[in-house]
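Enquirer: Just need the structure, nothing else, for what follows:
(2 chains)
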Amino acid sequence: MGEPIPVRPPLDGEPVTETIAPERPPLELNGRDYAIFLLRLAAEIEHGLMVQYLFAAYSLGGPGVPAGRQERVRAWQDTILGVAKEEMGHLVTVQNLLTALGGPLQFNREDYPNDSVLYESGFRLQPFSLGTLATYICAESPGDWEQTNPDQAREIKRQATDESGGVVNRVGRLYQELIDVVGDAALVPDSAFDSGSGVYQATWDAWGRGFRRGERGPAGGGPADDPDPRDEHELVIVTVTSRTTALEALRLIADQGEGFGSPDDDESHFDRFVEIHGELSALEPQEQRALVRSLAPNPTTHLDGQDVRPKAKRTLTSTSAISNPEARLWAHLFNVRYRKLLVNLSHSFELAAQRGGPGDGGPRGALINRSFAEMYNLRSIAGVLVGLALDHADPEGERAGPPFQMPHTLMLAHGEPDRWRLHRDMLDASATLLERIRNAGGTGAGRAYADALTHADRIERDQVELLIAAPQP
Amino acid sequence: MIHELRILPPLAIARFGSAPTPMDNYDAVVRSEDPLGYRRLEPRATLQVDVDSGEITRVFTPAEVSFMEGEEVRPVAPFVEVWALTGDEQLTGGGQLEPLTTALLQVEGASAAGLRWQVQVSNLKVFRRTGHLDDRVIADTDEFSDHARRPLIGRCEHFLAGKTIGLGHVQAVRPTADHPEIRLRFTPAGGFVYGSDREPPPGAPSPDPNLADVVYDSARGGWDGYGDPRGAQRNTAPPNIYAGRRAGGLHVSSGYLDDGCDGLVRVTLELAGGRTLRAFGRIGAGPPTYAPDAMPVRSIADELEQALFGPAVEPDEATFERVEEIVRRGLESVRLMNTAAWNVNENLTGSADVPIMDRSLVDVVALTNLHQSLLVALRSGAAPWFADVLRNHDEAGDFRPPARRKMPAMMRGADAQLLALTRRQVDLVRTLARAPLFPEDGRQP
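Expert: Here you go, the predicted model:
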């Protein structure tokens, strides 16, 4: 039976704690199925964390940052972006675990508004602040935090509660539950692990660019005596073919988040966030606000709906409509490219690796490279959005931000030609938006980028047409 | 007043070609309407020199760029120009450079006839190997002031009697009213291969049909059959980078020479009052470019820039245009490579067992697309994020699997180590990477 775990603010009369599951496994599931359930939940959480961290990182900076603080702000930004990339590694490794156990992949995630009791704190896109940072720290915190540093834990948890309106769950609890379940041969027998599934999984070799693996100390950013060494952290991508590798993967992910491993381990997300929190806390509130763009929280392209509220009537879960026509086009484009990234990821898993001669590139490698290209695109489009007003009637008011809206589906069609038709559909949607962006008035922000992206999309579309028409085995 | 002379450019590189008409001028430009495509070769204003008079008789822009004339390659024949440092250097702290013209000479009471040129070039490739002074191939025009075409006749002590190698020719351009500047044109050789007179091994074709002539006297010189002595300091890394054959278990030279060369152009000007001004420039000749719309990711220009300005850039030098140019040259290099094959090339410590990159990623189309996506993203003005994947200069010898993947990947330098960008190029990318993340922060893409 799982230990009690606090999840959400208690309603009147409710007990203050809740277990991950009343029984292990829950009565409707067996051990393997429960592991798959937890892994799919973990995938959603990793995905959600990644997106929230990206949003916070993109919110940092802006014209208001004093010259003397620009370097630190940029360093914080790099730290948070680095953590987001590592969450991407976690997300990919969890897909490997699902593949090894024969479970369905999970690239979906909760969308806002969210009120599920199972998530770490509820998915919200909030600009960087002491409060949002506190929620990240709580989500990534180790189980013994209150014992090792009670004053710090109490203060940061208070800030997180103020920010989120409730208790922020520790992601580490979910991974501990997974480690307990996957490590228990009575729950998940050896036969549940597909030792031959490695070829269908993501590998560090394919995804670990720019990161180090199993090495310590500053690396890629420059030699050790570089005046501005950028610590290169480890990207956790583990191929899973057995209980041993599954447990290794789960421990590495949990360790990278909360850092409960040995002292010489890679600095955990928790540690990195606490460090930034310490620096930020030393500034006056007004000074803190100057370091962050005035991004509207939970931005969306939906102009109406029960969750869309004007600024004056916002709640924690309400969304901010991007009504500025210029920003709306970019926001739609952002959503299309976000979907494209997720479809590329999902599709790359569906294609078996083709291992043979030296010329066996194949579309899987192209999809992986395209996934990286879409990550670059999301960053670029976010850069345009944070410079545009949310509401064209208030040009100096809040800025639009990347909406990260989930597509209507991430399910892939059964046949390869139909999957590639989806790629073509997304490119067509992108082309329509880019055409409108190029022809629209407004500030003209990102126009050179839009031109270049149009060319890149045309090249990709030609290649996709060939794949649609390719003979099927 | 003329204080000093300069020859500009200080280094001019010619390209072999045997066609009678030199290559027309052109530029390789990135078209705004095709930011991810190949550079387009656009014709530019070209000077036509009359061989007999030495005068520039026409300035024209050709309708199209053509590298061939019939079946022959057109040589790239650069001009070097004499410039004068003039002005009051006491007041300005250095004066100014301006083209030396007949009018400027007149002001100084001098004339073009008072200019003396001398061109000395050599091909030291054999000497570089054997260390024998008599293996140097040297051409020297001696001083001249006329405008006739002067051949660069390569002579060598170890050549057969009466044999020489043509290293091209030079011609001082005769200034005219329309073109009063002082110029000299260097036209390189045709790019021919020359041989030695040793009897070929039994069964080998005789003579080699690729040879333009047999010039080297193997009875006196040891180039044919030469092998790098084991452990000699002057050996190159990698070794054996000359045409050769196996003999006694060693790689030995087949005695070939080419008509490449490099050397100095000197100019001397006698002024009234007994003042003499001198300047020199460098010229060299190399093979034609067979991918003229692509630039190498690291070039001699990058080396020179680093030598001149040091390994670090100033913050305002780190611009998107310059970083984009590096990425574009990377893209152009990838397009010319069989990346799937290089990925398992054992000279790069890749092998079929331990490829450099994951095999699924190295399809040349996919890699081209990836580099194109970098170019696209740079156009947004977002700070570069790929500084971490660049290879540092002191990591060129790190052949461990993760380090082999650093960029530029699957390429090696002339020292057989993995290729790294210059420290200055790397610093350029890293400096821009440290800039604020988005253009909204006050930067413009």
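Enquirer: Counting by contacts, list what the helix or strand where residue B:168 lies packs against.
Expert: In this structure, residue B:168 sits in strand B:165-173 according to DSSP states H and E. Applying 3 or more C-beta pairs under 8 Å, 6 or more residues apart in numbering or on different chains; DSSP states H and E, one finds that strand B:165-173 contacts strand B:115-123, strand B:137-140, strand B:150-154, strand B:183-187. C-beta: built from backbone N, CA, C; applies to glycine.
Enquirer: burial count for the residue of chain B found nearest chain A?
Expert: Proximity of chain B to chain A (C-beta to the nearest C-beta) peaks at residue B:363, 2.5 Å away. Neighbours of residue B:363 under the rule other C-beta atoms under 10 Å in any protein chain shown: 22.
Enquirer: Just confirm it contacts residue B:341, I think it does.
Expert: No. With contact defined as C-beta atoms under 8 Å, residue B:363 does not count as touching residue B:341 (11.6 Å).
Enquirer: Would you enumerate the residues in contact with residue A:457?
Expert: Counting by C-beta atoms under 8 Å, 6 or more residues apart in numbering or on different chains, residue A:457 touches A:427, A:430-431, A:434.
Enquirer: now with 10 Å?
Expert: Contact analysis of residue A:457 by C-beta atoms under 10 Å, 6 or more residues apart in numbering or on different chains lists A:340, A:377, A:426-428, A:430-431, A:434, A:464, B:376.
Enquirer: Helices of chain A, start to end?
Expert: For chain A, the helices defined by DSSP state H occupy A:31-59, A:70-100, A:130-139, A:145-148, A:150-164, A:171-182, A:204-207, A:243-258, A:269-281, A:285-289, A:325-350, A:362-385, A:416-439, A:447-469.
Enquirer: shaky segments in chain B?
Expert: Applying pLDDT under 70 to chain B flags the ranges B:88-94, B:199-206, B:350-351, B:440-445.
Enquirer: To residue B:416, which of the helices of chain A lies closest?
Expert: Closest approach to residue B:416 among the helices of chain A is made by helix A:204-207 (24.8 Å; C-beta to C-beta).
Enquirer: Would you mind writing the CA trace of that closest one as PDB?
Expert: These are the backbone C-alpha positions of helix A:204-207, laid out as PDB (Å, rounded to 0.1, in the frame of the first residue of the first chain):
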ATOM      1  CA  TRP A 204      21.200   8.700 -26.000                       C
ATOM      2  CA  ASP A 205      23.200   8.400 -29.200                       C
ATOM      3  CA  ALA A 206      20.300   9.800 -31.200                       C
ATOM      4  CA  TRP A 207      19.000  12.400 -28.800                       C
END
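Enquirer: Tell me which residues are up against it.
Expert: A:88-89, A:92-93, A:211, A:213-214, A:234-239, A:345, A:348, A:353, A:364-365, A:368-369, A:371-372, B:355-361, B:401-402, B:405.
Enquirer: I figured residue B:429 hits residue B:386, correct?
Expert: Yes. Assessed by C-beta atoms under 10 Å, residue B:429 is found in contact with residue B:386 at 7.4 Å.
Enquirer: Quickly list what's touching both of those two.
Expert: Residues touching both residue B:429 and residue B:386 (C-beta under 10 Å, 6+ apart) are B:323, B:327, B:407.
Enquirer: quick one: the last one from residue A:468, how far?
Expert: Read it as residue B:407. Counting by C-beta to C-beta, to the nearest Å, the gap from residue B:407 to residue A:468 is 32 Å.
Enquirer: who's more crowded, the two?
Expert: residue B:407 (23 against 14).
Enquirer: That one is in contact with residue B:356, isn't it?
Expert: No. Here residue B:407 does not reach residue B:356: they are 11.5 Å apart, not a contact under C-beta under 10 Å.
Enquirer: what about residue B:214, is that helix, strand or coil?
Expert: Following DSSP: H, G, I helix; E, B strand; the rest coil, residue B:214 is assigned to strand.
Enquirer: One more: the one 10 residues further on?
Expert: With three-state DSSP as the basis, the three-state label of residue B:224 is coil.
Enquirer: tell me the contacts of the closest residue to it other than its chain neighbours?
Expert: Of all residues not flanking residue B:224 in the chain, residue B:255 sits nearest, at 2.9 Å (C-beta to C-beta, 6 or more residues apart in numbering or on different chains). By C-beta under 10 Å, 6+ apart, the residues touching residue B:255 are B:126, B:194-198, B:200, B:208, B:214-216, B:218, B:221-226, B:242-245.
Enquirer: if I look at the residue positioned nearest the centre of chain A, how far off is chain B?
Expert: A centroid search over chain A (C-alpha atoms, centre = their mean) returns residue A:50, at 2.0 Å, as the residue closest to the centre. Distance, residue A:50 to chain B, by C-beta to the nearest C-beta, to the nearest Å: 16 Å.
Enquirer: Leaving aside the residues adjacent along the chain, what's closest to that residue?
Expert: residue A:87 (3.8 Å).
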